[in-house]
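1. Provided below are the primary sequence and the corresponding predicted coordinates.
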Amino acid sequence: MRKGLAGQRLVAVFLIGLLLFNFPLLSLFDRPVTVFGLPLLHVYLFAAWAGLIALVAWIAERGAR
């Protein structure tokens with residue numbers, strides 16, 4: 001894979017991260033609901049953060065081959 005394409009994908013992941021951690025979407029998960037005893041907002045934040053890290057790792061590993 002060309003480095004330019006990997007860079008474009010990383011920019012896209014960054015923009016997705018901006019959307020995931022922006023106010024309108026965060027307010028959807030700010031509810032008094034628990035998931036396995038944890039507040040829904042905390043579960044969402046951790047899952048989104050882990051998903052972004054996984055995407056960046058996948059792009060980086062794919063570009064290294």
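-> Structure received.

2. Counting neighbours, what do you get for Leu20?
-> Around Leu20 there are 16 other residues, counting by other C-beta atoms under 10 Å. Placement of C-beta: from N, CA and C, glycine included.

3. mind pulling up the phi and psi values for it?
-> When quoted as degrees, to the nearest 10, the phi and psi of Leu20 stand at phi -70, psi -30.

4. Isn't it up against Leu52?
-> Yes. Leu20 is within contact range of Leu52, at 7.3 Å (criterion: C-beta atoms under 8 Å).

5. the helices in the protein, which residues?
-> With DSSP state H applied, the chain shows helices at 3-20, 23-28, 40-64, listed in chain order.

6. do you know which of those lies nearest Thr34?
-> Ranking those by their distance to Thr34 (criterion: C-beta to C-beta) puts helix 40-64 first, at 6.8 Å.

7. List the buried residues of stretch 19-30.
-> Applying a neighbour-count criterion of 16 or more other C-beta atoms under 10 Å, the buried positions in stretch 19-30 are Leu20, Phe29.

8. Identify all contacting residues around it.
-> Taking C-beta atoms under 8 Å, 6 or more residues apart in numbering as the criterion, the residues outside stretch 19-30 that touch it are Leu40, Leu41, Tyr44, Leu45, Ala48, Leu52.

9. residue ranges with poor pLDDT in the chain?
-> Within the chain, the stretches falling below the threshold (pLDDT under 70) are 1-3, 64-65.

10. contacting residues around the most centrally placed residue in the chain?
-> Computing the C-alpha centroid of the chain and ranking residues by C-alpha atoms, centre = their mean puts Leu52 first, at 3.2 Å. Contact partners of Leu52, counting by C-beta under 8 Å, 6+ apart, are Val13, Ile16, Gly17, Leu20.

11. show me the contacts for the third one.
-> Right, the one you point to is Gly17. Here Gly17 is in contact with Ala48, Leu52 (criterion: C-beta under 8 Å, 6+ apart).
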